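> sequence first, then the predicted structure, then my questions.
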Amino acid sequence: MKIKQKRGRNIPLFLIIFVLFILFNGCNLFISLFDTDDTPPEPPPPRPTLEPPPYDIIGLYDAGPINVISGDAYFIIENGDYLYTAGENTFNVIDFSTPPSYTIEGSFNVVYVGGITTDGMYAYVQKDPGGNPSYGCVLSIDCSNLEFIIAGDSETLGYSSAYQVYYESGYLYSCSGSTVAVYDVRTPTAIVYKSEIATTNAQWGIVRNKYFYFAEYTSPGKMKICDFSDPAVPVLKATLETTSPYPKGIALSGNYAFIIFNNGTISVVDISNPASPVEFSDMTLSGGTSTCFSEMKIKDNYLYVSGNYDLYVVDAHDPYAMQEVGSIQTSVMGGALGFTLSKNYAIVADSYYSCYKMIRIDKNS
């Protein structure tokens, strides 16, 4: 007689997996009940900031005008105890050693200047056609003898339109609308054009360690970074499309670039890797009545911004939380343009009234 053997029942696989899941999580729960490790979790790394300003700005005050010839209040730059100014008609050298007193020490006929910079002895401007010389160009101006200021040399290559120019270590960088060009000015009386890159409405920028950072005044806006380590062979490292349209002035501090836009927004860009800039923070200026903005500078991690009616000051040492410190009217008719910082003053061009408004900056250090 054959004896039939009983077959065992097959347990479904999903049931086995379910039982193992319950056992595993139950063990973890049991262990956690007796786990006495109360070590707090690691805090997040501190966000990188800049050095706090060494003083508080406690007031901005109108200290009166520096009067120049009609039409001559466009752009200005500081050179020690002197101010160099230029506009529609004349380049001026102004003694500003004991502000708010001033003395115009010398002048030179140069017409329709769009930007101005200096190497300490020579001034450099970018000008549209007219004056001396009569054509559009970048131009060096010899200021060694204030009683006899003369042109050094000019160059038309790389010139397109007159916007801002910048100097660093023997080289001149120009924003010229459709081009950004570089010139060798180690011999100011013999300017040598080196190279250029094509751009779209480049007006403002800044140079640091042979890297040129500039904005294209377009919508959408763009910030570009160009490596001029070999001035004859520039390399475009990066193009960043900005959140806001129509960028204007740029200022640098540490690993950050600050950009002012025509609508009053200030944006912050991480440039620690010039090949891959990252825009990460912004704020909008709220004081004053300005409707458009142009130049921006940074000193002791305070940002100074020129609007067409006002000058603004922003504490930017924490790029993640910038704070507007104050503002002051610089032009009742909306003609404010370029400005510079000298001693405890901001000096702002008022193109409408052909003067430079002196703004005293009071500090609590």
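Sure, I can see it. Residues are numbered from 1 along each chain as shown.

> going by C-alpha atoms from here, please, whenever you check contacts or count neighbours.
Will do.

> my guess is residue 163 meets residue 174, correct?
Yes. Contact criterion CA atoms under 8 Å: residue 163 and residue 174 qualify, at 7.3 Å.

> low pLDDT regions in the stretch 251-365 of the chain?
For the stretch 251-365 of the chain, not a single residue meets the criterion pLDDT under 70.

> ok, now which ones touch residue 189?
Shown in contact with residue 189 (CA atoms under 8 Å, 6 or more residues apart in numbering): 140, 152, 153.

> could I get those residues in JSON lines, plus columns for secondary structure, neighbour count and pLDDT?
Putting these into JSON lines (DSSP: H, G, I helix; E, B strand; the rest coil; neighbours: other CA atoms under 10 Å; pLDDT from 0 to 100) gives the following:
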{"residue": "140", "secondary structure": "strand", "neighbour count": "26", "pLDDT": "96"}
{"residue": "152", "secondary structure": "strand", "neighbour count": "18", "pLDDT": "92"}
{"residue": "153", "secondary structure": "strand", "neighbour count": "20", "pLDDT": "95"}
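
> and the strands in the stretch 251-365 of the chain?
Using DSSP state E, counting those that start in this stretch, the strands assigned to the stretch 251-365 of the chain run over residues 256-261, 265-270, 278-284, 293-299, 302-307, 310-315, 323-329, 336-342, 345-350, 355-364.

> what does the last one contact?
The contact list for strand 355-364, computed with CA under 8 Å, 6+ apart, reads 55-68, 72-73, 100, 330, 344-350.

> returning to what we had before: just put the contacts of residue 189 in a markdown table and tack on distance to residue 277.
Compiled in a markdown table, these are given as follows (distance: CA to CA, whole Å):
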| residue | distance to residue 277 |
| --- | --- |
| 140 | 34 |
| 152 | 38 |
| 153 | 37 |
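
> what's the closest of the residues you listed to residue 272?
residue 140 (33.6 Å; CA to CA).

> my guess is that closest one contacts residue 155, does it?
No. In terms of CA under 8 Å, residue 140 does not count as a neighbour of residue 155; the distance is 9.2 Å.

> which residues does the top strand by length along the chain contact?
Scanning the chain for the strand with the most residues, using DSSP state E, yields strand 192-208. With CA under 8 Å, 6+ apart as the test, strand 192-208 has contacts from 155, 157-158, 163-164, 166-168, 173, 175-185, 212-218, 231-234, 248-252, 295.

> that one versus strand 256-261: what angle between them?
Relative orientation of strand 192-208 versus strand 256-261 (axes from the mean of the first three to the mean of the last three CA atoms, to 10 degrees): 100 degrees.

> would you mark the buried spots in strand 192-208?
Using 16 or more other CA atoms under 10 Å as the test for burial, strand 192-208 gives 192-196, 199, 201-207.

> that strand pairs with which strands, parallel or anti?
strand 177-184 (antiparallel), strand 211-216 (antiparallel) (DSSP bridges).

> what's in contact with the longest one?
Okay, so that is strand 177-184. Everything outside strand 177-184 that qualifies as a contact, by CA under 8 Å, 6+ apart, is 158-163, 170-175, 191-203, 231.

> go again using 6 Å as the cut-off
Around strand 177-184, the neighbours that count as contacts under CA atoms under 6 Å, 6 or more residues apart in numbering are 158, 161, 171-174, 191-203.

> can you give me how far it is from the chain middle?
Here strand 177-184 is found 18 Å from its chain centre; the criterion is CA atoms, centre = their mean, to the nearest Å.

> and what of stretch 220-227?
The answer for stretch 220-227 is 12 Å, by CA atoms, centre = their mean.

> and the longest strand of the chain, what's its mean pLDDT?
For strand 192-208, the mean per-residue pLDDT is 96.

> so it versus strand 293-299, what angle?
Using the same axes, to 10 degrees: strand 192-208 against strand 293-299 is 70 degrees.

> can I get strand 192-208 in CSV, CA atoms only?
Coordinates of each C-alpha in strand 192-208 appear next as CSV, following Å, rounded to 0.1, in the frame of the first residue of the first chain:
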residue,chain,number,x,y,z
VAL,A,192,48.9,100.3,-28.2
TYR,A,193,45.6,98.6,-29.0
LYS,A,194,45.8,94.9,-28.0
SER,A,195,42.4,93.3,-28.6
GLU,A,196,38.7,93.4,-28.2
ILE,A,197,35.6,91.2,-27.8
ALA,A,198,32.2,91.9,-29.4
THR,A,199,29.4,92.8,-26.9
THR,A,200,25.9,94.1,-26.9
ASN,A,201,25.6,97.6,-25.3
ALA,A,202,28.4,97.3,-22.7
GLN,A,203,28.5,100.5,-20.7
TRP,A,204,29.9,99.7,-17.2
GLY,A,205,32.4,97.2,-15.7
ILE,A,206,35.3,96.8,-13.4
VAL,A,207,38.7,95.1,-13.7
ARG,A,208,40.5,93.0,-11.0
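
> tell me the most buried of the strands paired with strand 192-208?
Of those, the one with the most neighbours on average (mean count of other CA atoms under 10 Å) is strand 211-216, at a mean of 24.

> now do the helices in this structure.
With DSSP state H as the criterion, the chain has helices at 13-33.

> give the contact list for the residue nearest the centre of it.
The centre of the chain sits closest to residue 250, judged by CA atoms, centre = their mean, with a distance of 1.5 Å. Residues in contact with residue 250 (CA under 6 Å, 6+ apart) are 205, 258, 259.

> mind listing what the last one touches?
With contacts defined as CA under 6 Å, 6+ apart, the neighbours of residue 259 are 249, 250, 266, 267.
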